[in-house]
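Colleague: need the 3D shape of this:
(chains A and B)
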Amino acid sequence: MQSKTKQWIHRLAMVLLCLFFLSCYSVKLVSVNGIPNPDPNNDSDNGYRNQRVIVLDTIVKAGSTTDVISIRTQREGCESGKLHSVEYKNTFGGSLLYLITFGSKRKVRIKYVCNKIEN
Amino acid sequence: MATTTNFQKTEWDTLHRNGPFSLKLLQVTELEGKANMPSSVDRYNDAAQEIQRLIKEAHTNGHGFRPFGSRWSMSNIAHHRDRMHFNSFMNIDLTVLPSDVQANSDYDPSNLFFFQCGNTIKEISLALGAHGKSLKTSGASNGQTIAGCISTGVHGSALDVGSVQDYVVGLNLIIGPNDADIIYLERKTKPALSDAFTQKIKARVIRDDALFNAVLVGLGSFGFVHGVLIEAEDRFLLKRYVRKIDKKTALKLADTMDFKNSNFKIEGETDANGKPKRPYHYKVFINQYVDDDQYVVEAMYKKPYKTPYPDPFTAIEKSIYRDLIYLLISISEKFPKAIPWFIKRLEKSILPDVNEETVGTLFETFWDAPYQGPAFACSFGVDHKNSSKALKLLTDLTVNEGPIPGIFAMRFAKQSEATMAFTKFPITCVIEIDGVLWQKSNKLIGLKEFSTRMIEVLQQHNIPFTIHWGKNADWGFPGLVDHMYGTHANTWKTLRENLLSKEMAALFSNDFLKTIALSDNVLTPIGDGVIAPIV
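Modeller: Numbering: from 1, shown residues only, chains lettered A, B, ... in the order given. This next block holds a predicted model:
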């Protein structure tokens, strides 16, 4: 009996692991004519190297009637106010949070790069 | 006023992590806002003053000073151990009016455009596009700054066009902290700008062919390249074809450039007699680890610009997990024999799709290159007549003494007039191997040793060659620059000494220049024994 339970726990863990990986993905929208805002201090290896990237990683509380959550570009690091690229990341934890709170808590994980200032 | 922010950094690295290199100070200059200083000329001159202030400050502190842009170079050409200046925010473009062009100039004023150093190829392409114009050629992508491109000799594969520096008409240099140190330089035989323009940018004018050609590929060492006057042309389209063709045909084309009498024929790209047309661009991809009797080639033909044309961009693009690449490299370091197998598996991601056809402007065709992680690239220039011979030597070396995680390609560019252009042959075949940076192990040759062996093999077989200034190489190889450029190297050094004061020559020298022995003092006069005067 005990070994059967163990087997099920093991299987469940595997399924959850699979779900975790499958539900964690990124989609990035890139402007064809945009020039990424440069940042010589960004030495990261995450695909944004040399770019001024703004990360928004938060949980937004929403009412049951809330449909769309709008986010505006910030001034610091985005002086042009124009977007070059936006990456949205979906995670298993984010989806789970949305489900168990019936949509009242929404995990937002966005990375965006603004356009370089035109002189 | 333009403002400069100082960052006390101890390290600097290239975009593709070919360092790190030591550093004392990183400086970033941002221009005065348009709202406070509406005139572009005023903001341009204001930036020049700020650069002069930084040069003076570096000199006072006994430091060297070197500007850099997008840090795409993989060699340490852009590095200075003292002060490095990030100039990417210096991206003004100044309008050139017909009255700004000399009456006796051969240039069509509507094709002349003046850009500040930090403008990238993409920014310039967009600006030109708004006037119905285009660059004549670019590199394989568009993120480099114009000053970086010309200083290192960025090229594409335009057989009859050349490299980026070959459409530069004039240069605005800052060679020191004094008023007379702001210079506008152009060829005496091809004058372009009138006093009306040069007075606006407060520049002392020098018209000298030899000096202009030396500064053109100046390796970042002829002062601060502040502005670049380029000649554009009417916007055009490129029809791009990817084909898999017989290896012998692909190599014969490389050796002869005789497209007309070749059996490489693309439907619709033939002349009135049914003979194949000469393409604008020709590139050959070679996976040296596969004994295939066919190569993937890319050919592009120039077409007049007309709309509509199909969208050249793929709406959805997928990329491989970067961690997967790192994992493969780690495995390769322990089991090098796996490299050819990995490359074969990744071929679809590395090579373009066979039978792919697109139409687009130059800018759309050579679009953004996403950052792919630590990378290396070795790039040799040989006379195209030696293409297949050199390629065989280098690929055999890679197979026999490697393997290493990269694959070869061949591109072609017309001869440059620049004294130190690595595209020095009538048509230079650029044989390049690009790939993922790896660590030397007891089973796997290191990049340094591999680079040395490439030079040795070409020398042993008496194949004259050059090396791309911005790529990985054994730059300290004894007598390398003399071997590649002979008397041209001496001419370049002499002209540099004539233009710069001793203090400024030291300030604008760096480790790279010392390694290749171009910062040495030269006592030998150029040409017929007379050192050309600067007028």
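Colleague: mind showing which ranges of chain B have poor pLDDT?
Modeller: B:521-535 (pLDDT under 70).
Colleague: longest helix anywhere in it?
Modeller: Scanning chain B for the helix with the most residues, using DSSP state H, yields helix B:40-60.
Colleague: which positions in that helix come out as buried?
Modeller: Of the residues in helix B:40-60, B:40, B:43-45, B:47-52, B:54-55, B:57-59 count as buried by neighbour count, 16 or more other Cβ atoms under 10 Å in any protein chain shown. Every residue, glycine included, has its C-beta placed from N, CA and C.
Colleague: packing partners for that helix?
Modeller: Helix B:40-60 sits against strand B:3-7, strand B:25-30, strand B:65-68, strand B:83-86, strand B:93-94, strand B:168-174, strand B:224-231, helix B:502-507, with contacts defined as 3 or more Cβ pairs under 8 Å, 6 or more residues apart in numbering or on different chains; DSSP states H and E.
Colleague: could you check the angle strand B:25-30 makes with the first one?
Modeller: This means strand B:3-7. 150 degrees (axes from the mean of the first three to the mean of the last three Cα atoms, to 10 degrees).
Colleague: re the thing from before, between the helices and strands packed on helix B:40-60, which one is closest to chain A.
Modeller: strand B:83-86 (4.3 Å; Cβ to the nearest Cβ).
Colleague: give me the contacts around that closest one.
Modeller: Contacts to strand B:83-86, defined as Cβ atoms under 8 Å, 6 or more residues apart in numbering or on different chains, come from residues A:38, A:40, B:12, B:23-29, B:51, B:54, B:58, B:63-69, B:78, B:224.
Colleague: gap between that strand and the chain center?
Modeller: Chain-centre distance of strand B:83-86: 20 Å, with Cα atoms, centre = their mean, to the nearest Å.
Colleague: gap between residue B:184 and residue B:134?
Modeller: 25 Å (Cβ to Cβ, to the nearest Å).
Colleague: next one: residue B:192
Modeller: 19 Å.
Colleague: next one: residue B:456
Modeller: 41 Å.
Colleague: more neighbours: which of those two?
Modeller: Set residue B:456 next to residue B:134 and count neighbours by other Cβ atoms under 10 Å in any protein chain shown: residue B:134 wins out with 22 against 13.
Colleague: how about the more buried one: what's its closest non-neighbour residue?
Modeller: residue B:235 (4.5 Å; Cβ to Cβ, 6 or more residues apart in numbering or on different chains).
Colleague: which parts of chain A are helices?
Modeller: So, for chain A - with DSSP H - the helices run A:2-22, A:92-100.
Colleague: tell me the mean pLDDT over the shortest one?
Modeller: Predicted confidence along helix A:92-100 averages 85 (mean pLDDT).
Colleague: in it, what counts as buried?
Modeller: A:92, A:94, A:97.
Colleague: can you pull the contacts of the second one?
Modeller: Going by Cβ under 8 Å, 6+ apart, residue A:94 touches A:106, A:107, A:109.
Colleague: quick check: the residue nearest to the first one when sequence neighbours are not counted vs residue A:53, distance?
Modeller: Read it as residue A:106. Nearest non-adjacent residue to residue A:106, counting by Cβ to Cβ, 6+ apart: residue A:60, 5.0 Å away. Taking Cβ to Cβ as the measure, residue A:60 falls 20 Å from residue A:53.
Colleague: is residue B:297 in a helix, a strand, or coil?
Modeller: strand (DSSP: H, G, I helix; E, B strand; the rest coil).
Colleague: that one contacts residue B:240, correct?
Modeller: No: at 11.3 Å, residue B:297 does not count as touching residue B:240 under the criterion of Cβ atoms under 8 Å.
Colleague: which regions of chain A lie under the pLDDT threshold?
Modeller: A:1-4, A:14-23.
Colleague: try 50 this time
Modeller: Under the criterion pLDDT under 50, no range of chain A is flagged.
Colleague: what residues does chain A have near chain B?
Modeller: A:30, A:32-33, A:35, A:38, A:40-41, A:43, A:45, A:47-50, A:116-119 (Cβ under 8 Å from any Cβ of the partner chain).
Colleague: can you flag which of the residues you listed belong to strands?
Modeller: residue A:30 (DSSP state E).
Colleague: can you turn the buried part of the residues of chain A next to chain B into a ChimeraX selection?
Modeller: The buried residues among these can be selected in ChimeraX (16+ other Cβ under 10 Å) with this line:
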select /A:30,35,38,40,47,48,49,50,116,117,119
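Colleague: so between residue A:60 and residue A:53, which is more surrounded?
Modeller: Neighbour totals were compared for residue A:60 and residue A:53, and residue A:53 leads with 22 against 13 (other Cβ under 10 Å).
Colleague: any idea what that one is bridged to?
Modeller: For residue A:53, the beta-bridge partners under DSSP bridges are residue A:113.
Colleague: right, and it touches residue A:111 too?
Modeller: Yes: applying Cβ under 8 Å, one finds residue A:53 in contact with residue A:111, separated by 5.5 Å.
Colleague: so what's the residue count around the residue nearest to residue A:112 when sequence neighbours are not counted?
Modeller: Excluding the flanking residues, the one nearest residue A:112 by Cβ to Cβ, 6+ apart is residue A:86, at 4.6 Å. The tally of other residues near residue A:86 (other Cβ under 10 Å) stands at 19.
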